[in-house]
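**Q** below are the sequence and a predicted model; questions follow.
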Amino acid sequence: MTVDRETVVVTGLGATTPLGGDVASTWAAMLAGRSGVRRLTDPWAEQLPVRIAASAAADPAEIVGRVQARRMDRCEQFALVASREAWADAGAPELDPDRLGVAVTSGIGGIGSTLAGYDTLKEKGWRHISPYTVPMLMPNGSAGWISMELGAHAGAHSLVSACASGAEAIGYGIDMIRYGRADVVVAGGTEAAIMALNIAAFAVMRAMSTRNDEPERASRPFDKARDGFVLGEGAGMLVLESLSHARRRGARVYAVAAGAGYSSDAYHIAHPAPGGAGVAAAIGRALADARVDPEQVVHVNAHATSTPEGDPLEAQALVKALGSAADGVIVSSTKSMTGHLLGGAGAIESVAAILALRDLVAPPTINLEELDDDVPVDVAREPRPLAKRGVNGSKPIAVLNNAFGFGGHNVSLVFTAA
Amino acid sequence: MTEQEILAGLGEIVEEIAGVPADEVTPNKSFVDDLDIDSLSMVEIAVAAQDKFGVEIPDDQLKDLTTVQDVVNYVAKNAEGSA
């Protein structure tokens, strides 16, 4: 039985990434195929096997101001910057504060503040750590700050699912509107984890690229020579809104946030289940939730992080979930340019997927020189035009964004043309 | 250390931690009501004052120091003995 429910649309976008301090500069850099990966020059990087990362293009502390920055972790600063942009982009809607919600999260939270606070504790004693240490390290800090910034009283939420967190937050935001808890929700993810401990921790898992001499070529999803992911940082943010509310105020609509699908591998805490069954299930559930046929899908912004294990598995899961309709889909991994933003990934990649839908262009997957034999999908190496219509022409075209996280979390989001 | 020196030093601390311009940190101002400084930032200010003036402000004293002048007096009084 199909029941009536609120249609949720996207009316605002925000981003601060390794490619640019806002959505426009990030998207332009993506279409130009620019890499945001650089050599790390910090002294702490010298002892590590990984000495490259994709640092944010704009310093968020300068934007939020020195005093405010003292009280906010860098990931919270990114989130605030991106949410301000998204809010302004949506036309700063005026609404009842009890109808405005926040669903913003992070994969790790304020790890930089945790590490710095511990250093201070050891060096100077407990009285010298910042009284803001707890709100800086908690992963829900960003949601709290944004709720204060916007005066949002419908609820501020932070689901955590490692690298799927940002996408999961968007899914939760969709639910808040569908359940009638809010008319507008600011939803997204953020991360600021380019620090010695985090890099060492991923490196010791052998999850990261060690292509230190060629930073810009290190992140190469789906390529035969890929050797791991590159860590990025930043935030992505959407303004989600019920279609009825958006219509009442005459808002510009980017896309329909049509649905979300989830699954859990229940297999291994850090390895994906073989065969990609969990990923395929999440994609299938997302399409069912969105009431979208596989033939409507024209583009996927893949999770593909450039690890040997994950990329082919996702590609195979796409074929499993979409069947023969996978032939008509153009796949991109923008992580080839931004690196992997962990809890921010699903959010900035949703921004990219929505802009791909708007501009009818799939961004390139740079560094893809030789497609892995185990990748049975069409991956864009250059910007590629997207069909205005899917195979069954009367229905709107759809794009997907996938995000998966340690813990076995799989999330797939569906956006359709407005 | 004169009261003027303490006041100037306190102004620098408040500007650094709370972003209130040092010249607005005048004796009659209340930290909470006039300078809009919350209890968490007061903790930071007290620790910074300890570092700067060498005078520890215990928590049970801090809650009674509501104005700028209160802190200046406390620092002046307790710095004398140790000077």
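**A** Now that the structure is in, tell me what you want to look at. Numbers count the residues shown, from 1 in each chain, chains lettered A, B, ... in the order given.
**Q** please list the residues of chain B that sit near chain A.
**A** Neighbours of chain A within chain B, by Cβ under 8 Å from any Cβ of the partner chain: B:17-19, B:40-41, B:43-44, B:47, B:50. All C-beta atoms are positioned from the backbone trio N, CA, C, and that covers glycine.
**Q** let me know the closest of those to A:Gly36.
**A** A:Gly36 lies nearest to B:Gly19 out of the residues of chain B next to chain A, by Cβ to Cβ, at 31.5 Å.
**Q** run the chain-centre distance for the helix or strand hosting A:Ile199.
**A** Here A:Ile199, judged by DSSP states H and E, is contained in helix A:196-204. Mean C-alpha position of helix A:196-204 versus that of the full chain (Cα atoms, centre = their mean, to the nearest Å) differs by 21 Å.
**Q** and the helices in the chain?
**A** In the absence of a named chain, chain A is used. Under the criterion DSSP state H, helices of chain A are mapped to A:23-31, A:60-64, A:66-70, A:74-89, A:111-124, A:133-137, A:141-150, A:165-178, A:196-204, A:243-248, A:277-290, A:310-322, A:335-338, A:345-359.
**Q** sorry, I should have been clearer: chain B.
**A** Secondary structure of chain B (DSSP H): helices at B:3-18, B:39-53, B:59-62, B:68-82.
**Q** where among those helices is the average confidence lowest?
**A** Looking at the helices of chain B, the lowest mean pLDDT belongs to helix B:68-82 (a mean of 87).
**Q** buried ones in that one?
**A** Neighbour counts over helix B:68-82 (16 or more other Cβ atoms under 10 Å in any protein chain shown) mark B:68-72, B:74-76, B:78 as buried.
**Q** out of the residues you listed, which two are the most distant from each other?
**A** Based on Cβ to Cβ, the longest span within the buried residues of helix B:68-82 runs between B:Val68 and B:Asn78 and measures 16.2 Å.
**Q** excluding covalently adjacent residues, which one is nearest to the closest residue to chain B within chain A?
**A** Closest residue of chain A to chain B, Cβ to the nearest Cβ: A:Val67 (3.2 Å). Leaving aside its sequence neighbours, A:Val67 sits nearest to B:Gly19 (Cβ to Cβ, 6 or more residues apart in numbering or on different chains; 3.2 Å).
**Q** okay, the one you found: pLDDT?
**A** pLDDT, B:Gly19: 93.
**Q** where in the stretch 51-200 of chain A is pLDDT low?
**A** Residue ranges of the stretch 51-200 of chain A with pLDDT under 70: none are present.
**Q** contact residues of it facing chain B?
**A** Residues of the stretch 51-200 of chain A lying close to chain B by Cβ under 8 Å from any Cβ are A:65-68, A:70, A:127-128, A:130-132.
**Q** and these, which two are furthest apart?
**A** Greatest spatial distance in these: A:Gly65 and A:Arg127, 25.7 Å, computed using Cβ to Cβ.
**Q** tell me what the helix holding A:Ile199 is packed against?
**A** Contact partners of helix A:196-204 among helices and strands, from 3 or more Cβ pairs under 8 Å, 6 or more residues apart in numbering or on different chains; DSSP states H and E: helix A:111-124.
**Q** what's the helix it packs on in contact with?
**A** Here helix A:111-124 makes contact (Cβ atoms under 8 Å, 6 or more residues apart in numbering or on different chains) with A:73-75, A:128-130, A:133, A:136-137, A:192-193, A:195, A:197-198.
**Q** my guess is A:Gly189 meets A:Ile108, correct?
**A** No - with contact defined as Cβ atoms under 8 Å, A:Gly189 and A:Ile108 do not form a contacting pair (11.0 Å).
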